[in-house]
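*Asks:* generate a structure from the sequence data that follows.
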Amino acid sequence: MGYVNDVDLAKDLAQETFVIVLNKLPEFRSESKIGTWIFRIASNNCLRQIERQKRYRKVQLPKHVTEENEPEIESEIAFLYKCISELKEVDRIIISLELENIHQEEIANIVGLSNSNVRVRIHRIKEKLQAKFKNYERKI
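*Replies:* This is a model prediction of the structure:
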């Protein structure tokens, strides 16, 4: 969700990711933890999707056409994912992994940064998100 801010697309990307993992499993060299490897595949898959979206023009449905059965997401959670999607690419990866309760050491391995740099970035990202939430609450 932190990459695409769209529930259906996020589900599609998750499914695609596991198909890729299944197909590439024989190529896994055990140089890292399997979870780290899967997160890297997921991140790359999401980034490719973002690139594809940039190439194609988006068209809005006419106002009288509405989607049925759209999943209900609390406005704060939706706003959180919207804020995450506005972050820089590396920051989106870092905070998404942090929200998945991945250890900071593993996050550092995935993004190629030091543990201390990841810790600092997580702190700064959380500060940015808190500031956006405070502004959001004032507007409500």
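*Asks:* tell me which residues of the top helix by length along the chain are tucked away?
*Replies:* When the chain is parsed with DSSP state H, its longest helix is helix 115-139. Using 16 or more other Cβ atoms under 10 Å as the test for burial, helix 115-139 gives 118, 121-122, 125, 129, 132. Bear in mind the C-beta positions are built from the backbone N, C-alpha and C, glycine included.
*Asks:* also stretch 40-56?
*Replies:* For stretch 40-56, using 16+ other Cβ under 10 Å, the buried residues are 41-43, 45-46, 49.
*Asks:* one more: stretch 95-112?
*Replies:* By neighbour count on 16+ other Cβ under 10 Å, the buried set for stretch 95-112 is 95-98, 102, 104, 106-111.
*Asks:* quick one, helices of the protein?
*Replies:* Per DSSP H, the chain carries helices over the ranges 7-24, 34-55, 75-85, 89-99, 104-111, 115-139.
*Asks:* mean pLDDT and distance to residue 1 added to the ones you listed, as CSV?
*Replies:* Putting these into CSV (pLDDT from 0 to 100; distance: least, Cβ to Cβ, whole Å) gives the following:
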stretch, mean pLDDT, distance to residue 1
helix 7-24, 90, 5
helix 34-55, 83, 10
helix 75-85, 81, 4
helix 89-99, 88, 8
helix 104-111, 88, 17
helix 115-139, 87, 14
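*Asks:* before we move on, the earlier item: identify the farthest-apart pair in the buried residues of stretch 95-112.
*Replies:* Greatest spatial distance among these (Cβ to Cβ): 95 and 109, at 16.4 Å.
*Asks:* so how far is stretch 96-111 from its chain's centroid?
*Replies:* 12 Å (Cα atoms, centre = their mean, to the nearest Å).
*Asks:* C-alpha coordinates for that stretch, PDB please?
*Replies:* Output of stretch 96-111 as PDB, limited to C-alpha atoms (Å, rounded to 0.1, in the frame of the first residue of the first chain):
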ATOM      1  CA  SER A  96       7.000  -0.200   4.700                       C
ATOM      2  CA  LEU A  97       9.400  -2.800   6.100                       C
ATOM      3  CA  GLU A  98       9.300  -1.200   9.500                       C
ATOM      4  CA  LEU A  99       5.500  -1.400   9.500                       C
ATOM      5  CA  GLU A 100       5.900  -5.100   8.700                       C
ATOM      6  CA  ASN A 101       8.000  -5.500  11.900                       C
ATOM      7  CA  ILE A 102      11.100  -6.400  10.000                       C
ATOM      8  CA  HIS A 103      14.300  -6.000  12.100                       C
ATOM      9  CA  GLN A 104      16.300  -2.900  11.300                       C
ATOM     10  CA  GLU A 105      19.300  -5.000  10.500                       C
ATOM     11  CA  GLU A 106      17.300  -6.800   7.800                       C
ATOM     12  CA  ILE A 107      16.000  -3.500   6.500                       C
ATOM     13  CA  ALA A 108      19.600  -2.300   6.300                       C
ATOM     14  CA  ASN A 109      20.600  -5.400   4.200                       C
ATOM     15  CA  ILE A 110      17.600  -4.900   1.900                       C
ATOM     16  CA  VAL A 111      18.200  -1.200   1.100                       C
END
